[in-house]
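Colleague: sequence and predicted structure are below.
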Amino acid sequence: MKTSIATVTISGELPEKLEAIARAGFEGVEIFENDFLAFDGSPADVGKMARDLGLTITLFQPFRDFEGMPEALRGRTFDRAERKFDVMQELGTDMVLVCSNVSQAALGGIDRAAADFRELGERAAKRGLKVGYEALAWGRYVNDHRDAWEIVRRADHANVGLILDSFHSLSRKIDINSIRSIPKEKIFIVQLADAPLIDMDLLYWSRHFRNMPGEGDLPVAEFTEAVASTGYDGFFSLEIFNDQFRGGSTRKIAADGHRSLIYLADQVRRKVETPIGIEMPDRAAVTGVGFIEFATDEGGAVELVDILRALGFRKVAVHRSKKVTLYQQGDIRIVINVDPLGFANAAYAVHGTFAYAMALVVDDATQAYARALALDAEPFAEPVAEGELQLPGIREVGGGLIYLIDEKSPLGRFSEIDFEAVEQEGEDEDAGLLQVDHIAQTVAYDEMLTWLLFYTSIFETRKTPMVDIIDPSGVVRSQVIENQTGTLRITMNGAENRRTLAGHFMAEKFGAGIQHLAFSTDNIFLTAARLRAKGFKPLPISPNYYGDVEARFGLEPELTERLKAENILYDRDEQGEYFQLYSGTYGEGFFFEVVERRAYRGYGAQNAIFRIAALKKQMRPEGVPKDAV
Ligand SMILES: O=C(O)c1ccc(O)c(O)c1
Ligand SMILES: [Mg+2]
């Protein structure tokens, strides 16, 4: 797939935008007129800048309100076009995007529009230029690519072609199969954008809420497949108008755009004959969480180990060459890294005690790693001692690490190969914790789409709809990324303001990261009793909560009493029941959760407001817990 992106998609000034676009790996760029007008250099300067970065200027846009103007205005419209042609020639691009007329003055009429385009095509041809016509979803007469195509067909000029834009076609639910019969040489360029399904005015939706393919809810892959079925092999160009992207990190948004196109091409590649996209392994199937690793120092480790022991974990092994210890319970492995050398220590120096890495168990680690790299993930590796394993690793969006391990290679035996088992210190019962149920990551609200694209493009996962969670100091947006089998569940909480629990965590930790870990049990009451015996202090839940829960779900009073006695939260969905028990906060707001699912599929979003209120009550203004676990 030949990749391009419109300058309007990202923030910054033109030189910064072009640099980020080239760095992200795009081959082409659409120059948006406003970006050029706001820039002090000449069109030739812009052209040179782009070429020096190895970028082709795929087109110049937009040229508005052209076709079907009444006679009195028609001449001036062509004069305007000639002026644009001058700029284009200086820029060094051969295509202009003409979007369908929205002017009150415009006359309808398909033959008149075709005649205008034929003349424009003649003028363009004299200068070696081309004209592409795009139907805006809110065009006055032309708002459907099928009508735009008919006009282009009747204009019947080699220098006049069609521009398709997935947003305009998909937002109006136009049958995309209509694209399949358009001759490929008449499709001059294809613009791509996705968007979340929101019921609102088309123009407002388009100008503020578009996002990268795969980040929204529109069938962009089906659209692209229809385009590819024509044999089209030109540029696919992202054109995303999004308020968040306009204010976001220039480089990160450009990188997301490139990743989104690679992922899209990979989805389409499998369904069409024309080669599109690069060969890469399938999305990686995750079968479990191999371990979660904390970076800390000796002092921090003492506190962390106290909590782990109160949760029923045991020290099972020590690393052969590093100051790293492995704790385990059931199938849950927690690694504590206090090694003074290496990435963990650097992460600790910035973030404090921090769950900075995790290992995901995949079907095939080599393939998963290859896919991640094909999708622009940044590889991570540190030197290892002889005989020890080099776990394939990638950096995640916040800078933390994801290791990829599997059962089919020695990687799955990391805890024997890299670690030495320790003598068990007595026969203490564990607390019945079985598995990592979910990993809750706190991220900046405006980076949620970046995380979403990262996980869903590399791993076989899906997203669930975003929900709003009310914090006493603001709103936190929550979205789940999970797989079908429930062996990978990540909840992402996006904080907009630093006074929320999530926002405080982000601010104090200097960035995104894992804020809580939820472990599963198959008997929450037994686990609660064992935890109590180990000195674990649950997060106290307001007694008022239990009256409401009893009434809402029609619970037996005895059950309500048991829940209340153990500070267990309750929820129910169509499938089943959910029980949640929380620890207090640790450090800047990190905590643990224990859950029992009885066929329940959700995450207790209804309870989050009470849990957040209770956690915040525990934290002193400066964020230190009053009562550590
Ligand atoms: O919102 C607009 O006006 C606009 C302009 C040019 C485009 O290519 C487009 O898709 C939308
Ligand atoms: Mg467009």
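Modeller: Perfect, thanks for sending it. Keep in mind it's a predicted model, so treat the numbers as computed, not measured. Ligands and ions are numbered 1, 2, ... in the order given.
Colleague: next one: the spatially most central residue of the chain, what pLDDT does it get?
Modeller: Centre of the chain computed as the mean C-alpha position; nearest residue by Cα atoms, centre = their mean is Leu452, 2.4 Å away. pLDDT, Leu452: 97.
Colleague: quick check: bridge partners of the closest residue to it other than its chain neighbours?
Modeller: Distances taken as Cβ to Cβ, 6 or more residues apart in numbering put Lys463 closest to Leu452, at 5.8 Å, once the chain neighbours are dropped. Placement of C-beta: from N, CA and C, glycine included. For Lys463, the beta-bridge partners are Ile481 (DSSP bridges).
Colleague: any idea how far Lys463 is from Gly576?
Modeller: As judged by Cβ to Cβ, to the nearest Å, Lys463 and Gly576 stand 22 Å apart.
Colleague: and these two? Which one has more around it.
Modeller: Neighbour tally, Lys463 and Gly576, criterion other Cβ atoms under 10 Å: the higher count belongs to Lys463, 19 against 13.
Colleague: my read: that one touches Phe454, true?
Modeller: No. Contact criterion Cβ atoms under 8 Å: Lys463 and Phe454 do not qualify, at 11.7 Å.
Colleague: before we move on, back to that, surely the residue nearest to the centre of the chain meets Gly216?
Modeller: No. Between Leu452 and Gly216 there is no contact under Cβ under 8 Å: 10.1 Å.
Colleague: ok so Val131 is a helix residue?
Modeller: No. Under DSSP: H, G, I helix; E, B strand; the rest coil, Val131 sits outside any helix and is assigned strand.
Colleague: now do the contacts for it.
Modeller: Taking Cβ atoms under 8 Å, 6 or more residues apart in numbering, we find Val131 in contact with Met95, Val96, Val98, Phe117, Leu120, Gly121, Ala124, Asn159, Val160, Gly161.
Colleague: could you rerun that using 6 Å?
Modeller: Val96, Val98, Leu120, Gly121, Ala124, Val160 (Cβ atoms under 6 Å, 6 or more residues apart in numbering).
Colleague: mind checking pLDDT for whichever residue of the stretch 51-200 of the chain sits closest to ligand 2?
Modeller: In the stretch 51-200 of the chain, no residue comes nearer to ligand 2 than Asp165, which is 3.6 Å away by Cβ to the ion. Note on Asp165: pLDDT of 98.
Colleague: report the beta-bridge partners for it.
Modeller: Per DSSP bridges, the residues bridged to Asp165 are Gln191.
Colleague: so it touches Gln191, yeah?
Modeller: Yes. Counting by Cβ atoms under 6 Å, Gln191 is a contact partner of Asp165 at 4.1 Å.
Colleague: related to what we said a few turns ago, what's the burial count for the residue of the stretch 51-200 of the chain closest to ligand 2?
Modeller: Other residues near Asp165 come to 25 when the count uses other Cβ under 10 Å.
Colleague: quick one: Glu407 from Gly288, how far?
Modeller: Distance, Glu407 to Gly288, using Cβ to Cβ: 9 Å.
Colleague: okay, now the closest residue to Leu107 other than its chain neighbours: neighbour count?
Modeller: Among residues not flanking Leu107 along the chain, Gly68 sits closest, at 4.6 Å (Cβ to Cβ, 6+ apart). For Gly68, the neighbour count with other Cβ under 10 Å is 26.
Colleague: pretty sure Gly68 contacts Ile110?
Modeller: No. When contacts are counted by Cβ under 6 Å, Gly68 is not listed as touching Ile110 (9.1 Å).
Colleague: how much space between the residue nearest to Leu452 and Trp451?
Modeller: 10 Å.
Colleague: correct me, but Ile5 touches Leu238?
Modeller: Yes. Counting by Cβ under 6 Å, Leu238 is a contact partner of Ile5 at 4.3 Å.
Colleague: please enumerate the shared neighbours of those two.
Modeller: Gly257.
Colleague: okay, domains of this structure per the record?
Modeller: By the assignment in automatic domain parsing, the chain contains the domains 2-269, 286-421, 435-618.
Colleague: could you check stretch 242-262 and say which residues are buried?
Modeller: By neighbour count on 16 or more other Cβ atoms under 10 Å, the buried set for stretch 242-262 is 242, 244-245, 248-262.
Colleague: likewise stretch 145-162?
Modeller: Here stretch 145-162 shows 145, 147-152, 154-155, 157, 159-162 as buried, counting by 16+ other Cβ under 10 Å.
Colleague: quick one: contacts of it?
Modeller: Residues outside stretch 145-162 that contact it (Cβ under 6 Å, 6+ apart) are 110, 113-114, 117-118, 121, 124-125, 130-133, 135, 142, 164, 169, 178, 182, 186-188.
Colleague: one more time with 8 Å
Modeller: By Cβ under 8 Å, 6+ apart, stretch 145-162 touches 67, 100, 110-111, 113-115, 117-118, 120-122, 124-125, 129-135, 141-142, 163-165, 168-169, 174, 178-179, 182, 185-188.
Colleague: from the residues you listed, which land in strands?
Modeller: Among the contacts of stretch 145-162, DSSP state E puts Lys130, Val131, Gly132, Tyr133, Glu134, Ile163, Leu164, Asp165, Ile187, Phe188 in strands.
Colleague: so the first one sits right up against Met95, yeah?
Modeller: Pointing back at Lys130 there. Yes. In this structure, Lys130 is within contact of Met95 by Cβ under 8 Å, at 4.8 Å.
Colleague: identify the contacts common to the two.
Modeller: Common contacts of Lys130 and Met95 (Cβ under 8 Å, 6+ apart): Phe188.
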